[in-house]
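Participant: Turn this into a structure:
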Amino acid sequence: MDGADRIATPNSSDFTLNLNNSGDPNDRVIWMNFENPNIRQFTFSSTDGSEFDLGSVAIGISETTTDTNPVATIQGFRDGAAVTSAESLDFTASDTQGDAHYTYNETTAGGAYGAIDFQSGYDNVDEVRITFSDVAVLEMDDLVASPAVTNNNPVFENTDPGGLVVDETSTDTTSVIHDVNANDGDSSGTDSVTYSITAGNVDGAFEIDSNNGEIRLADPDALDYEATASYTLTIQADDGESSNNTATQDITISVNDIAPAITTGQVFSVKESDDNSTVLGTVATTGDDPVNYSIKSGNTGNAFTIDDSTGEITLSDTSQLDASVTGTYTLSVQATDGTTPSTENITINVVDDVAPSVTSIAPSGSPGANATSMDFTVTFSESVNNVDAGDFTLTSTGTASGTISAVAGSGDSYTVSVTGISGEGDLRLDLNSGTDIDDGATNARQATPAVRLTALIWSSRASPTSLRRRPTGLIKRVTPLILR
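Facilitator: Sure thing, here's the model as predicted:
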C-alpha cells in the first residue's frame, strides 16, 4: 500500500501484530487471504479484551475471485454485542454516512484502495468485523487506535441523609435544604456534572442548582401538608458524555404541618353609636390551612359574633355597648384546623361617642303644703361631670318663688335643692342649654338649643284672701331633654 513490508496470512488464523504508521522502520502491512483467497470475514480485536478507540486505517482489496469489487460490511462490537450499525463499504466510492467514513483514493488492477475515518461510534470497542460479499484479499495499514478512555456513569458522593424537613408556612427560598454531590465516575474525573430534578417535584415546589446540586424551596405557595406530606425528588447527575452519562438518586423532603396560630395582641374598637352588623375586623392567623373560628368566653351579653370560616368579628347587639359599664371586652377566640386548636385573647375597646341625655327631672318625695324647701331628682342617661347650680333655672308663676341653693350627687343621678319657697303659683325646674356638662368621654351637647324637661309643682302658700289650696308635688308635664 505504501511500500512497507507485507505480512501475509493465507489461511484462517489468529496472530498478534503491532501496526506502525508510515515512515517507521518497523512499518508493516497486513495482507490477509494472500494466495489462497478462501475467507470472507476478517476480525481484529484487542488481545486482552480491553476496549480501544478506533481512529482510522488505510484499507483496500487487491485480489478478488470476480471481475467486480465486492462490497464489505463493517461493524464494531463490545463484549460480543454490536455497538454500531452494520455499514456497507464500496471500496470504489467515498461514503461519509454512518460511523465509518470511507475516502476512495485509487483503483488498481483487480482492487481498490482508500482510508476509513472512524467516528465516535467506534470509541470503546474491543472488536471490529469486516465481512465481504465475496472472497477478497484484504490489506490494512496505518491503523490508528488508542486505549479507550473509561466512561462510567456518574457517582453520587453523598446519599439521602434522611430527616430533611421544610415547614409548610416557610417562605425561605434562599437557604439550602440539601447539597447533592456527584463525580463523573471515571478515574480521570475530568467531566463536569450537571444536576436536574426529573421526578417527584409536585407543583414545582423545589429547585436544584444545575451546577452545584444545591436544593432550595422554589415556590412556598406549593407547600400544603394536607395535599402533599412529603416529596421524593429524583435527582439526575449528567456528565455530558454520549453514553454512560447519567445516574439518579432519590431525596425525600418532608413537609412539617404547622397548626394555625392566632396572631397575639390583636385589638379592635367599636363605637356605642355603631349599628348591629357593623364589621370590627378579621382575626389574623398564621398558617395556610382552612380553619374554623369561635368565641369561647368574654362575650358578655352576646354583643359580638365571629364568622366561623373567615374570622370576621361583627357587632350583634349594640344595646349592650356602654363604655361607662364595660369599656373593654376581652374575647377568648379559638381557631382550629380540626387537629390542633389555637386560642388567644382579642381585645375590643368600646368608644363612648354618644352624648349624655336627661331622662327625668322629678320632685323628691312629697313636699308639704306649706313647705319652704324641696328637692328635685335629675337623672341622666349615663354618668356625667361638671353639674352645678348654674346649670339650672327656677321658673315660677303667680307670686311663687324660691332659690336653687345646692346641687349634690354623682354619676347619673343628682339632687337639686330649692329653698326659700314662698307665695302662690307654679315652680318649674329647667336644665339650661349651653352647659358644660359632659360624660367621661367629654361628649357634651352642642351649642344648639335643647328641649327642656320641666317639673311643675304647686306652692301651698296662699294669699290671706285665698280660700283655695292646691295640691303639692304635682308634675304637670315632663318633656325629655337630650344633651347634644
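Participant: Skipping its backbone neighbours, what lies nearest Thr343 in space?
Facilitator: Closest residue to Thr343 apart from its sequence neighbours, by CB to CB, 6 or more residues apart in numbering: Gln334 at 4.6 Å. Every residue, glycine included, has its C-beta placed from N, CA and C.
Participant: Show me what the one you found bridges to in the sheet.
Facilitator: Counting by DSSP bridges, Gln334 is bridged to Ser294, Thr343.
Participant: who's in contact with it?
Facilitator: By CB atoms under 8 Å, 6 or more residues apart in numbering, the residues touching Gln334 are Ile262, Tyr293, Ser294, Ile295, Lys296, Pro341, Ser342, Thr343.
Participant: Burial check on the first one, number of neighbours?
Facilitator: This points to Ile262. Under the neighbour criterion other CB atoms under 10 Å, Ile262 is assigned a count of 22.
Participant: If I look at the residue nearest to it when sequence neighbours are not counted, what pLDDT would I see?
Facilitator: In this structure, Ile262 finds its nearest non-sequential neighbour in Glu344, 3.9 Å apart by CB to CB, 6+ apart. Each residue has a pLDDT score; the one for Glu344 is 96.
Participant: Equivalent analysis for the one 4 residues further on, please.
Facilitator: With respect to pLDDT, Ile348 scores 98.
Participant: likewise Trp31?
Facilitator: 62.
Participant: Low-confidence stretches in the stretch 51-200 of the chain?
Facilitator: Residue ranges of the stretch 51-200 of the chain with pLDDT under 70: 62-70, 107-111, 150, 187-191.
Participant: which one is Gly311 nearest to, not counting chain neighbours?
Facilitator: Using CB to CB, 6+ apart, the closest residue to Gly311 is Val283 (3.8 Å).
Participant: Next: Phe52.
Facilitator: Per CB to CB, 6+ apart, closest to Phe52 is Ala145, 4.9 Å.
Participant: For Thr300, give me the backbone phi and psi.
Facilitator: phi -60, psi 130 (degrees, to the nearest 10).
Participant: list the contacts for it?
Facilitator: Gln320, Thr326, Tyr329.
Participant: Just the buried ones from those, in PyMOL syntax?
Facilitator: Applying 16 or more other CB atoms under 10 Å to the contacts of Thr300, the buried members can be selected in PyMOL as follows:
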select buried, resi 320+329
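Participant: Just the contacts of Thr300: which are in helices?
Facilitator: Judged by DSSP state H, these include no members of helices.
Participant: which one of the contacts of Thr300 is nearest Tyr231?
Facilitator: Minimum distance to Tyr231 across the contacts of Thr300 is 45.0 Å, recorded for Tyr329 (CB to CB).
Participant: give me the beta-bridge partners of the closest one?
Facilitator: Assigned bridge partners for Tyr329, using DSSP bridges, are Ile348.
Participant: Now do the same contact list for it.
Facilitator: Gly298, Asn299, Thr300, Ala303, Phe304, Thr347, Ile348, Val350.
Participant: Would you mind stating the distance between it and Leu429?
Facilitator: 39 Å (CB to CB, to the nearest Å).
Participant: swap in Ser46?
Facilitator: For Ser46, the distance to Leu429 - CB to CB - is 129 Å.
Participant: Compare the two and say which is more crowded by neighbours.
Facilitator: Between Ser46 and Leu429, counted using other CB under 10 Å, Leu429 has the larger neighbour count: 25 against 14.
Participant: Doesn't the more buried one belong to a strand?
Facilitator: Yes: counting by DSSP: H, G, I helix; E, B strand; the rest coil, Leu429 is found in a strand.
Participant: these two touch, right, it and Val418?
Facilitator: Yes: under the criterion of CB atoms under 8 Å, Leu429 makes contact with Val418 at 7.2 Å.
Participant: related to what we said a few turns ago, now, which of the contacts of Thr300 sits nearest Ile116?
Facilitator: Checking these one by one against Ile116 (CB to CB), the nearest turns out to be Tyr329, at 94.9 Å.
Participant: And the pLDDT for that closest one?
Facilitator: 98.
Participant: and it, how far is that from Ser383?
Facilitator: 19 Å.
Participant: check contacts around the residue nearest to Asp289 when sequence neighbours are not counted.
Facilitator: Spatial nearest neighbour of Asp289, excluding adjacent residues (CB to CB, 6+ apart): Asp337 at 4.3 Å. By CB under 8 Å, 6+ apart, Asp337 lies in contact with Ala259, Pro260, Gly287, Asp289, Pro290, Val291, Asn292.
Participant: In strands, which of those fall?
Facilitator: Asn292 (DSSP state E).
Participant: among the contacts of Asp337, which ones are buried?
Facilitator: Buried among the contacts of Asp337 (16+ other CB under 10 Å): Ala259, Pro260, Gly287, Asp289, Val291.
Participant: rewinding a little: look up how far Ile295 lies from the residue nearest to Asp289.
Facilitator: For Asp337 relative to Ile295 (CB to CB), the value is 18 Å.
Participant: Check Ala112 too.
Facilitator: The span separating Ala112 from Ile295 equals 100 Å under the rule CB to CB.
Participant: same question, Thr96
Facilitator: Applying CB to CB, the value for Thr96 to Ile295 is 84 Å.
Participant: isn't Tyr243 right up against Asn152?
Facilitator: You called it Tyr, but residue 243 is Ser. No: at 10.3 Å, Ser243 does not count as touching Asn152 under the criterion of CB under 8 Å.
Participant: what about the two, which has more around it?
Facilitator: It is Asn152, of Ser243 and Asn152, that has more neighbours when counted by other CB under 10 Å, with 16 against 11.
Participant: who's in contact with that one?
Facilitator: Counting by CB under 8 Å, 6+ apart, Asn152 touches Asp184, Gly185, Asp186, Asn244.
Participant: between those, which is nearest Tyr104?
Facilitator: Sorting the contacts of Asn152 by distance to Tyr104 puts Asn244 at the head of the list, at 35.0 Å, by CB to CB.
Participant: these two touch, right, Ala400 and Gly420?
Facilitator: No: using CB under 8 Å, Ala400 makes no contact with Gly420, being 11.1 Å away.
Participant: and Ile262, what does it touch?
Facilitator: Neighbours of Ile262 in contact, by CB under 8 Å, 6+ apart: Val283, Ala284, Thr285, Val333, Gln334, Ala335, Ser342, Thr343, Glu344, Ile346.
Participant: What sits closest to Gly163 if chain neighbours are left out?
Facilitator: Ser254 (8.0 Å).
Participant: Quick check: bridge partners of the one you found?
Facilitator: Residues in beta-bridge contact with Ser254 (DSSP bridges): Val165, Ser230.
Participant: Tell me how far it lies from Asp179.
Facilitator: Distance from Ser254 to Asp179, by CB to CB: 18 Å.
Participant: More neighbours: which of those two?
Facilitator: Ser254 (16 against 13).
Participant: Which pLDDT value belongs to the more buried one?
Facilitator: 97.
Participant: that older thread, so the residue nearest to Ile262 sits against Gly311, correct?
Facilitator: No: with contact defined as CB under 8 Å, Glu344 does not reach Gly311; the gap is 11.4 Å.
Participant: of those two, who's got more company?
Facilitator: Gly311 (21 against 18).
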